[in-house]
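Asker: Please work out how this folds:
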Amino acid sequence: MGEGLGMIWLLIVIHLNLTTTPIQVQHGEIIGTFPSHQACTEKHNEFFKKAEEEKRPIPPYFNLGCVPYKRTIM
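Answerer: So this is what the prediction gives:
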């Protein structure tokens, strides 16, 4: 069997524990996977736009970001 490389983008939520020094990750979760950085970024931006429209404040411990993940397909 051949081997190929693929890349997916993970949309990850991280909750930080800001009461510790150094700051630690309290919880992390993958909330979506996307075939491209652009698709992931669009979903990321959509989240913050919707929160702003609904006047929902984003707490300082909340982080959302797109991370590339290379995978090997056998």
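Asker: pLDDT weak spots in this protein?
Answerer: Across the chain, the ranges flagged by pLDDT under 70 are 1-5, 72-74.
Asker: Give the pairing partners of the longest strand seen in the chain; include direction for each.
Answerer: In the chain, assigned by DSSP state E, the strand with the most residues is strand 4-17. Next to strand 4-17 in the sheet, as set by DSSP bridges, lie strand 24-34 (antiparallel), strand 62-73 (antiparallel).
Asker: Mind putting those strands into a markdown table with mean neighbour count and distance to residue 18?
Answerer: Glycine gets a C-beta too; all of them are placed from N, C-alpha and C. Output for the strands paired with strand 4-17, formatted as a markdown table (neighbours: other CB atoms under 10 Å; distance: least, CB to CB, whole Å):
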| stretch | mean neighbour count | distance to residue 18 |
| --- | --- | --- |
| strand 24-34 | 12 | 9 |
| strand 62-73 | 12 | 11 |
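Asker: what's stretch 51-68 in contact with?
Answerer: For stretch 51-68, the surrounding residues in contact (CB atoms under 8 Å, 6 or more residues apart in numbering) are 7-18, 26, 34, 37, 40-41, 44, 47-48.
Asker: Compute the first-to-last residue distance for that stretch.
Answerer: Taking CA to CA, to the nearest Å, stretch 51-68 runs 25 Å from one end to the other.
Asker: what about it, distance to the chain center?
Answerer: On the basis of CA atoms, centre = their mean, to the nearest Å, stretch 51-68 sits 10 Å off its chain's mean C-alpha point.
Asker: what do you get for stretch 47-55?
Answerer: Centre-to-centre, stretch 47-55 and its host chain are 17 Å apart (CA atoms, centre = their mean).
Asker: Tell me the buried residues in that stretch?
Answerer: residue 47 (16 or more other CB atoms under 10 Å).
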